[in-house]
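Novice: mind looking at a prediction? Sequence and model below.
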Amino acid sequence: MPVSKSLRRLLRIREVEEEQCRIRLESANSELTQLQNALDATVERDRRGRRMVVASAHSGEAFDRLAGMEEMKTAIRIATVLTPRIAEKENHVSLLRKAFMDKRIELRQVATLIEEAEEKDAIEAGRRSQQTLDDCFSSRKHRVQNQEKKRG
């Protein structure tokens, strides 16, 4: 009995679903990386602001000190916004990763069912072939024995 069309269709559906989950996961990972890069840039902005404040302390430039302090405040505000968004995106990525793995398992299960059915079909075809050979040999043997009886 060959593998049913519906089982092959199910395999194709699972492949498409897995691919869609993979694309969503890659997209979410990309967004997470962008958020993390933005947070890294914010940390660097804070460092630049601190360096400006230190430099203004040595040079006495009030404008540089104010600019440095404003850079630090801005960096803190941005980091305050980014940190919960990163945590939320990490949770989202984790959920998408689990969904992707679940779809991958479902795909593998259907593929395994098809492989098992194909193996059973191959074994059955081998049995039928062997049975045909056995029948041919047996009938040939009986013909030879019948011919010998007629001669003898």
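Specialist: That came in fine, so what should we check first? Numbering: from 1, shown residues only.
Novice: quick check: residue 92 vs residue 149, distance?
Specialist: For residue 92, the distance to residue 149 equals 85 Å [Cβ to Cβ, to the nearest Å]. Using the backbone N, CA and C atoms, a C-beta is placed for each residue, glycine as well.
Novice: more crowded one of those two?
Specialist: Each of residue 92 and residue 149 has its neighbours counted (other Cβ atoms under 10 Å); residue 92 has more, 15 against 8.
Novice: where's the more buried one, which helix or strand?
Specialist: helix 62-151 (DSSP states H and E).
Novice: average pLDDT for that helix, rounded please.
Specialist: Taken as a whole, helix 62-151 carries a mean pLDDT of 91.
Novice: ok, stretch 9-23 next?
Specialist: Mean predicted lDDT for stretch 9-23 stands at 96.
Novice: residues of that stretch that come out buried?
Specialist: 10, 11, 14, 17, 18, 21 (16 or more other Cβ atoms under 10 Å).
Novice: how far does it sit from the chain's center?
Specialist: 10 Å (Cα atoms, centre = their mean, to the nearest Å).
Novice: can you list contacts of that stretch?
Specialist: 96, 99, 100, 103, 104, 106, 107, 110, 111, 114 (Cβ atoms under 8 Å, 6 or more residues apart in numbering).
Novice: quick one, what contacts the last one?
Specialist: Read it as residue 114. 3, 7, 8, 11.
Novice: one more time with 10 Å
Specialist: By Cβ atoms under 10 Å, 6 or more residues apart in numbering, the contact set of residue 114 is 3, 4, 7, 8, 10, 11.
Novice: where does the second one land on pLDDT?
Specialist: Reading off the per-residue confidence, residue 4 sits at a pLDDT of 84.
Novice: was I right to think it contacts residue 117?
Specialist: Yes. With contact defined as Cβ atoms under 10 Å, residue 4 reaches residue 117; the gap is 8.1 Å.
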